[in-house]
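**Student:** Quick check, what structure comes out for this input:
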Amino acid sequence: MADLTITIGGLTLKNPVMTASGTFGYGIEYADLFDIARLGGIVVKGTTMELREGNPYPRMAETPSGMLNAVGLQNKGADYFAREIYPRLSEVDTNMIVNVSGSSIETYVECAEKMAALERIPAIELNISCPNVKQGGMSFGVCASSAVEVVRSVRKVYPKTLIVKLSPNVTDITEIARAAEAEGADAVSLINTLLGMAIDVERRRPLLSTVTGGLSGPCVKPVALRMVWQTASAVRIPVIGMGGIASWQDAVEFMLAGATAIQIGTYNFIDPTISESVIEGIEAYCDRHGFASAAELVGALTVD
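**Tutor:** So this is what the prediction gives:
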């Protein structure tokens, strides 16, 4: 049997399969469905320093082979997380990773410091697709200079494994990835959602209250796969791939393209136990093709 263990920064994952932020709650909600400790890691829902109510409804819409969402990082804040959620997560025998978001450099830093103090949270995923209020609402992650500023500031106060989640809504994602690497990121994860919209033609109104939202699901996979392949060739740190993964075959594609690990997102809404079959599928693939470990799959794509 193949060794599925992989390493990302200071993390050792029992296998390369994780769940993506915003699609798996805090993980513990799924404990009655399968043994969530089998996962290599769980990235819990986006957490900000302040309580956020999220965007007005409607904020989700189904699209062909995917969905749009504009939830707006609804959460009860970092203090609530540390007080009420963390004690329950600390009992789960896998890597519990917090997706950290903010609306300014200061709030990113403050939230990262709060998470650093939690012993059983070994890593954060820094979501730099959040609005930079000082630059008129532009996301930190669509500009190399603002990405540098937030990653550098968080790295100064956060001593554990730092994963930076990248936005695909850019001209060159490798530029942002290299900037994150240069400022001390231990890994990058990609892609976040693509910006999209949908319209109710009978009402002649947008389906989302915010007009536009984040597109995810199987429809984004080819774009995500291309960006992972480009990024893995551009940086030396591990790349965590996500975007439309709905099967073990999808996961293997991302790993062959250069992803050290993968995250399953939207498909959790369709099959909450999909991660189990993906883990088993990766292992069977390695055994069938003579790979001694999942790490050997990473970047094993042959391009003539």
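
**Student:** quick one: secondary structure of Val220?
**Tutor:** helix (DSSP: H, G, I helix; E, B strand; the rest coil).

**Student:** where do the helices sit along the stretch 151-300 of the chain?
**Tutor:** 173-182, 221-232, 248-256, 274-289 (DSSP state H, counting those that start in this stretch).

**Student:** correction: the stretch 1-150 of the chain
**Tutor:** 78-80, 86-89, 105-116, 144-157.

**Student:** Return the distance of the second one from the chain's centre.
**Tutor:** Chain-centre distance of helix 86-89: 20 Å, with C-alpha atoms, centre = their mean, to the nearest Å.

**Student:** picking up where we left off before, out of the helices of the stretch 151-300 of the chain, nearest to Leu215?
**Tutor:** helix 221-232 (9.6 Å; C-beta to C-beta). C-beta coordinates here come from the backbone N, C-alpha and C atoms, glycine included.

**Student:** What residues of that closest one count as buried?
**Tutor:** 221, 224-225, 227-232 (16 or more other C-beta atoms under 10 Å).

**Student:** State the pLDDT value of the closest residue to Lys14 other than its chain neighbours.
**Tutor:** Of all residues beyond its chain neighbours, the one nearest Lys14 is Gly40 (5.6 Å), with distances taken as C-beta to C-beta, 6 or more residues apart in numbering. For Gly40, the pLDDT comes out at 98.

**Student:** for Pro218, what are its contacts?
**Tutor:** 65-66, 244, 246, 266-267 (C-beta atoms under 8 Å, 6 or more residues apart in numbering).

**Student:** got TSV for these, with distance to Pro16 too?
**Tutor:** Shown next, in TSV, are these (distance: C-beta to C-beta, whole Å):
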residue	distance to Pro16
Ser65	24
Gly66	23
Gly244	17
Ala246	16
Thr266	19
Tyr267	16
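
**Student:** ok, those residues vs Tyr285, which is closest?
**Tutor:** Ala246 (15.7 Å).

**Student:** From the structure, what's the count of residues near the closest one?
**Tutor:** 19 (other C-beta atoms under 10 Å).

**Student:** leaving aside the residues next to it on the chain, what's closest to it?
**Tutor:** Ala246 sits nearest to Tyr267 (C-beta to C-beta, 6+ apart), 4.5 Å away.

**Student:** now the one you found: how far from Phe24?
**Tutor:** According to C-beta to C-beta, to the nearest Å, Tyr267 and Phe24 sit 11 Å apart.

**Student:** which of the two has more neighbours?
**Tutor:** Phe24 (25 against 22).

**Student:** Quick check: the gap between the closest residue to the more buried one other than its chain neighbours and Val17.
**Tutor:** The shortest distance from Phe24 to any non-neighbouring residue, by C-beta to C-beta, 6+ apart, is to Asn268 (5.5 Å). Asn268 sits 12 Å away from Val17, going by C-beta to C-beta.

**Student:** For the two, work out which one has more neighbours and name it.
**Tutor:** Val17 (29 against 18).

**Student:** Need the pLDDT of the more buried one.
**Tutor:** 98.

**Student:** residue ranges with poor pLDDT in the stretch 101-250 of the chain?
**Tutor:** Within the stretch 101-250 of the chain, the ranges that satisfy pLDDT under 70 run 131-138.

**Student:** I'd assumed Asn95 was in contact with Glu125.
**Tutor:** No: under the contact definition of C-beta atoms under 8 Å, Glu125 does not touch Asn95, with a separation of 11.0 Å.

**Student:** between those two, who's got more neighbours?
**Tutor:** Glu125 (26 against 21).

**Student:** Okay, the more buried one and Thr63: tell me how far apart.
**Tutor:** 25 Å.

**Student:** cool, Ala182 as well?
**Tutor:** Counting by C-beta to C-beta, the gap from Ala182 to Thr63 is 36 Å.

**Student:** The two: which has the busier surroundings?
**Tutor:** The residue with more neighbours, out of Ala182 and Thr63, is Thr63; 16 against 13, by other C-beta under 10 Å.

**Student:** Got the phi and psi for the residue nearest to the more buried one when sequence neighbours are not counted?
**Tutor:** Closest residue to Thr63 apart from its sequence neighbours, by C-beta to C-beta, 6+ apart: Ala198 at 5.8 Å. Main-chain torsions, Ala198, degrees, to the nearest 10: phi -140, psi 150.

**Student:** returning to that earlier point: can you lay out the helices of the stretch 151-300 of the chain as TSV showing distance to Leu13?
**Tutor:** Below are these laid out as TSV (distance: least, C-beta to C-beta, whole Å):
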stretch	distance to Leu13
helix 173-182	20
helix 221-232	17
helix 248-256	13
helix 274-289	11
